[in-house]
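*Asks:* Predicted model and sequence follow; I will ask about them next.
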Amino acid sequence: MERAVLVLMLFILVACTVEKPIEYTPQKIQKEVDIMKLTSNDFKQGEMIPKEFTCQGNNINPHLAWSDVPEGTKSFALVLDDPDAPGGLFVHWAVKDISTSIREIKQNSIPGIQLPNDYGIAQYKGPCPPALHRYFFRLYALDVEKLTAESYDELYEQVEEHAIAKAELMGKFQKS
């Protein structure tokens, strides 16, 4: 009986100390999601993304605006990704070194330095799925003016280290 109790206690101890898989979303700022607000004049949270901003339209970025930026912010980074892609997370747009003087991105504009996406190009590439997918625009407030990232993988790593807040806007799309 003592052996069974010992084995059970050992199992519980191991189960409680195993690390959870790391998500690509910066862990240290999960609680800070509601500090900043990210909105668009083109669609609302959870709504369909208009065709103009997809492969069936002009394939340009939508309007984005943010507010409630925390003190200490020295730059922003922006990512548009699709967690519903068949191969896993698919990045459509990655932008770093967005100035703190910017609080709005107009349609079809480049707010900072674009990094290569999963299409292998450094530009916005809109939604184009055959089935309904979710698309997350994520804006990160950073405690540094510049990032050295040259890929979105490096961007995620550096955002993890330097993010002090995050805002996100989710839209949906499916090709007709």
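*Replies:* Ah, there it is. Everything numeric in this text was worked out from a predicted model, so none of it was measured.
*Asks:* any idea how far Ser176 is from the residue most central in space within the chain?
*Replies:* Computing the C-alpha centroid of the chain and ranking residues by C-alpha atoms, centre = their mean puts Arg138 first, at 3.6 Å. When distance is defined by C-beta to C-beta, to the nearest Å, Arg138 is 26 Å away from Ser176. (C-beta placed from N, C-alpha, C; glycine too.)
*Asks:* So Leu139 sits against Lys37, correct?
*Replies:* No. Contact criterion C-beta atoms under 8 Å: Leu139 and Lys37 do not qualify, at 9.5 Å.
*Asks:* before we move on, what SS does the residue nearest to the centre of the chain have?
*Replies:* strand (DSSP: H, G, I helix; E, B strand; the rest coil).
*Asks:* what sits against it?
*Replies:* Contacts for Arg138 were tallied using C-beta atoms under 8 Å, 6 or more residues apart in numbering; they are 25, 38, 78-81, 166-168.
*Asks:* Over to Asp153?
*Replies:* No residues are in contact with Asp153 under the rule C-beta under 8 Å, 6+ apart.
*Asks:* Help me confirm that it is found in a strand?
*Replies:* No. Assignment of Asp153 by three-state DSSP gives helix, placing it outside any strand.
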